[in-house]
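Chemist: need coordinates for the following:
(2 chains)
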Amino acid sequence: MDNKLRPCLLFLCCLFVAIQTRAQKVNKFPSKTDPLHEKVTQFDKLMLGNHWNEGAIMQHVIFPPAGLDRPIVGSQADCLDPTSEMLAAYSHKYALTKDEKDRDIANQIFEAILKLEKVTGVSGLVARSFNQTDEPLWHEEVMWYHEWHQSTSMPGYRWLGDLSADKFTSIFYGVGIFWEICADSQYKEKAAGLLDRFIGRVIDNNFKLSDLDGKMTLWGNFCPDLPHQPLNSLEMLAALKVTHRITGKERFNAAYHMLIDRYQYDDHQINSKILFPKEWRNVGDDYHAARSLYMLMRFEDDPNLLNKYRMNLNRHWYDWKDIEFTWESTIWFVMVYQVLTDEDIMTAEREQAIKNMWGFERRMKEFNIPQKDGSFKKVKSEEERTAAAMIRNYWFGRYYGIIDEKW
Amino acid sequence: MKIIYTALIVLMGTSIIFSQDLHKPPEGMVLVAEGGFIMGSKYGDHDEKPQQIAYTKAFFIDKYEISNTEFAKFDPHFKFPDSKKDNAAIVTWSQADAYAKWAGKRLPTEKEWEKAARGIDGRVFPWGNTYDNTYVVWDQKSTRGTSIAKPASPYGCYDMAGGVWEWTADWYKPYPGNKVPMEQYGEKYKVMRGGSNFNNHSFIRTSQRYYVLPEKISNYPVGFRCVLDIEKKK
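Modeler: Okay, the predicted model is just below:
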């Protein structure tokens, strides 16, 4: 190579690295051979540093030049999943450590869920995600249904509507655990208020998630008058049980028993897990069932209902007992089963799967970015997915004594 | 009340059917007879109300949604993977409208689409009132007509529940007598019907309405099928 070119090339390389790392607040990744606690520590720093959107946790972050210097460009439809996972993680962590710094992080994440309600301007209507921006961002056009709105209640913010049953589950699961083992009296009251408004609005709309336009959202159907999946019956019962426990309000208990006595939701939910044909088995749905059963079975004390929920859990276990640990949540299913049944099902293979838990790799990807003139521009950028489930799994396991702190 | 409704419509519909000359449908289409049917619902979103008896002339409608291969005959620049030759084409409203005109047909009105999907008796799904996973194709990635049980609508149409959404000719407007205001009503959004099975079960009900910008379908998988007026066939 020409000696004159060498310094130029070196300079360009340094410039490229500098641009790439400018917006990445945290760049240190663990090694796969690190002990579990070290991997969790590093991924926790990456999540809080790079995915923190005013307390809400981004499921996917795209860095500059395709992203911004704040983590608000990326797929955002499922942000409530990692947000609730991190809320649960820090709640379990605080319950162990009693460290006020952990509780403060949990409080901030919970405040972001409150903001997801505030940004819509409608009491009890919760957004999927929000961004502080005056103008639509490019990913709004191509990464989900066109359900972004300019906020009227929080000027300078945009929010994503069309909440789903999955995100509904994230809310009662995350907020429920926060209330149960982390929140102080002030935050317990705030948590109860949020679920009172959120679940109360669903009841008011005949057990449907209604969007800003008054129509049922694409996945928001728990309605006894409309055909819906057995999984949705389970999620609704779990939400009502949690909200009754937290608020103490009889209307939620009455709604729970109405759905059971008049509409047999307790029977309907048993088949949440589709077992056959085998190709219809869906671990994504299992995740929502696991979170629902985890909340419902600990809060219910009627033995007849508990039997039916156990039947549901057993159907899941039929699949989970041989499940491959290819997804961060599948090992959590096994831990949830152990916690709910008190059966010792931990094997050397499952322990190893827990120790092998991993978050994500940072990858380079080419994005097709829509331009104002209707054309598309190809831009290469780095992106990160989420490690929130792994972090939640860890602190869940630590809380229940499944995971040794030395691992 | 529903039984009385149905009996009344059957009587009216039957007399009309007997009095008309039944034409043989063109290949790939079925005949939907002239007459009344139960349109809308009492239990769905407010835009499905009021439930009413609506009337249509007789018309032919495609048994299946237009496939990628069929659409590419109209638009040679239309690209799709080789493995999806027989899948429903996902297009904007104006693309669908242009294809229909090219084929000497047109897009169905909401009334026509709903009648073709549910017949005259107000059923929830094309096959009846109970949801069954084996009755629908999973989503737009599946080939048309490949649900396990392959149920047809009362007139012989397939995949009117699930698969892809389907364009109608109509703007999103309130039904006559509907007093619930919606800012989306007017001539900005077109109505799509039939749901995609990636949505919840209620969205594949025959009376479910959903609105979308005609030229900006975002990630909604929207396809279409065409209708042909009886007199046009002559």
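Chemist: contacting residues around the closest residue to residue A:157 other than its chain neighbours?
Modeler: Excluding the flanking residues, the one nearest residue A:157 by CB to CB, 6 or more residues apart in numbering or on different chains is residue A:151, at 4.2 Å. Bear in mind the C-beta positions are built from the backbone N, C-alpha and C, glycine included. Going by CB atoms under 8 Å, 6 or more residues apart in numbering or on different chains, residue A:151 touches A:119-121, A:130, A:157-159.
Chemist: now secondary structure too, for those, in CSV please.
Modeler: Listed next are the contacts of residue A:151 as CSV, based on DSSP: H, G, I helix; E, B strand; the rest coil:
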residue, secondary structure
A:119, coil
A:120, coil
A:121, coil
A:130, strand
A:157, strand
A:158, strand
A:159, strand
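Chemist: let me know the closest of those residues to chain B.
Modeler: Of all these, the one with the least separation from chain B (CB to the nearest CB) is residue A:121, at 14.5 Å.
Chemist: the closest one is in contact with residue A:153, isn't it?
Modeler: Yes - with contact defined as CB atoms under 8 Å, residue A:121 reaches residue A:153; the gap is 3.3 Å.
Chemist: could you find the closest non-adjacent residue to residue 54?
Modeler: No chain specified, so I'll use chain A. Per CB to CB, 6+ apart, closest to residue A:54 is residue A:112, 5.9 Å.
Chemist: look at chain B instead
Modeler: Closest residue in space to residue B:54, ignoring its immediate chain neighbours: residue B:39 at 4.0 Å, by CB to CB, 6+ apart.
Chemist: surely the one you found meets residue B:111?
Modeler: Yes - taking contacts as CB under 8 Å, residue B:39 lies within contact range of residue B:111: 6.5 Å.
Chemist: how about the secondary structure of the spatially closest residue to residue A:281 that is not a sequence neighbour?
Modeler: Distances taken as CB to CB, 6+ apart put residue A:319 closest to residue A:281, at 5.8 Å, once the chain neighbours are dropped. Under three-state DSSP, residue A:319 falls in the helix class.
Chemist: can you verify my assumption that residue A:319 contacts residue A:289?
Modeler: No - contact criterion CB under 8 Å: residue A:319 and residue A:289 do not qualify, at 10.8 Å.
Chemist: quick one: common contacting residues for these two?
Modeler: Contacts common to residue A:319 and residue A:289, judged by CB under 8 Å, 6+ apart, are residue A:273.
Chemist: hmm, back to that, count the residues that sit near the residue nearest to residue B:54.
Modeler: For residue B:39, the neighbour count with other CB atoms under 10 Å in any protein chain shown is 23.
Chemist: that one bridge partners, please.
Modeler: For residue B:39, the beta-bridge partners are residue B:52 (DSSP bridges).
Chemist: picking that back up, pull up the overlap in contacts between residue B:39 and residue B:111.
Modeler: Common neighbours of residue B:39 and residue B:111, counting by CB under 8 Å, 6+ apart, are residue B:54.
Chemist: circling back: report pLDDT for the residue nearest to residue A:157.
Modeler: Residue A:151 is assigned 98 on the pLDDT scale.
Chemist: please identify the helix or strand for the residue nearest the centre of chain B.
Modeler: Centroid-nearest residue in chain B: residue B:113, 3.4 Å away (criterion: CA atoms, centre = their mean). Taking DSSP states H and E as the definition, one finds residue B:113 inside helix B:110-118.
Chemist: enumerate the residues of chain B near chain A.
Modeler: B:43-47, B:124-125, B:130-131, B:133, B:180, B:182-184, B:199-203, B:205, B:210, B:213, B:216, B:218-220 (CB under 8 Å from any CB of the partner chain).
Chemist: are any of these buried, and which?
Modeler: Among the residues of chain B next to chain A, those scoring as buried are B:43-47, B:124-125, B:131, B:133, B:182, B:199-203, B:205, B:210, B:220 (criterion: 16 or more other CB atoms under 10 Å in any protein chain shown).
Chemist: would you agree residue A:242 is in contact with residue A:300?
Modeler: No - look at residue A:242 against residue A:300 with CB under 8 Å: they stay out of range, at 10.5 Å.
Chemist: the two: which has the busier surroundings?
Modeler: Counted by other CB under 10 Å, residue A:242 and residue A:300 do not tie: residue A:242 has more neighbours, with 26 against 18.
Chemist: in terms of helices and strands, where is the more buried one?
Modeler: Here residue A:242 is assigned to helix A:230-247, by DSSP H and E.
Chemist: could I get the buried residue list for the helix or strand just after that helix?
Modeler: Note on helix A:230-247: by DSSP H and E, the next helix or strand toward the C-terminus is helix A:250-261. Buried residues in helix A:250-261, counted by 16+ other CB under 10 Å: A:252-253, A:255-257, A:259-260.
Chemist: please report the distance of residue A:401 from residue A:344.
Modeler: Counting by CB to CB, to the nearest Å, the separation of residue A:401 from residue A:344 is 12 Å.
Chemist: same check on residue B:46?
Modeler: Counting by CB to CB, the gap from residue B:46 to residue A:344 is 53 Å.
Chemist: swap in residue A:287?
Modeler: From residue A:287 to residue A:344 the distance is 24 Å (CB to CB).
Chemist: and the stretch 251-400 of chain A, which residues reach chain B?
Modeler: So the stretch 251-400 of chain A meets chain B at A:274, A:280 (CB under 8 Å from any CB).
Chemist: what angle separates the strand ranked longest in chain B from helix B:110-118?
Modeler: Ordering each strand of chain B by length in residues (DSSP state E) puts strand B:165-171 first. Counting by axes from the mean of the first three to the mean of the last three CA atoms, to 10 degrees, strand B:165-171 lies at 150 degrees to helix B:110-118.
Chemist: elements contacting strand B:165-171?
Modeler: helix B:93-102, helix B:110-118, strand B:190-193, strand B:222-223 (3 or more CB pairs under 8 Å, 6 or more residues apart in numbering or on different chains; DSSP states H and E).
Chemist: which elements pack onto the following helix or strand past the third one?
Modeler: Toward the C-terminal end, the helix or strand that comes next after strand B:190-193 (DSSP H and E) is strand B:210-212. Contacting strand B:210-212 under the criterion 3+ CB pairs under 8 Å, 6+ apart are the following elements: strand B:190-193.
Chemist: for the strand it packs on, what is the distance to the chain centroid?
Modeler: 9 Å (CA atoms, centre = their mean, to the nearest Å).
Chemist: what lines up beside it in the sheet?
Modeler: strand B:165-171 (antiparallel), strand B:210-212 (antiparallel).
Chemist: from the chain's centre, how far out is the shortest one? Work that out for me.
Modeler: Averaged C-alpha coordinates place strand B:210-212 at 14 Å from its chain's average position (CA atoms, centre = their mean).
Chemist: quick one: contacts of it?
Modeler: Contacts of strand B:210-212 (CB under 8 Å, 6+ apart): A:215, B:165, B:172, B:184, B:189-193, B:195, B:203, B:218, B:220, B:222.
Chemist: on that earlier part again, how about the helix holding residue B:113: buried residues?
Modeler: Neighbour-count burial for helix B:110-118 flags B:110-118 (criterion: 16+ other CB under 10 Å).
Chemist: just stretch A:380-388 next, same as before
Modeler: A:381-388.
Chemist: can you list these in a markdown table and add secondary structure and pLDDT?
Modeler: Formatted as a markdown table, those follow (DSSP: H, G, I helix; E, B strand; the rest coil; pLDDT from 0 to 100):
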| residue | secondary structure | pLDDT |
| --- | --- | --- |
| A:381 | strand | 96 |
| A:382 | strand | 96 |
| A:383 | strand | 97 |
| A:384 | strand | 96 |
| A:385 | coil | 96 |
| A:386 | coil | 96 |
| A:387 | coil | 97 |
| A:388 | helix | 98 |
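Chemist: alright, I will stop here.
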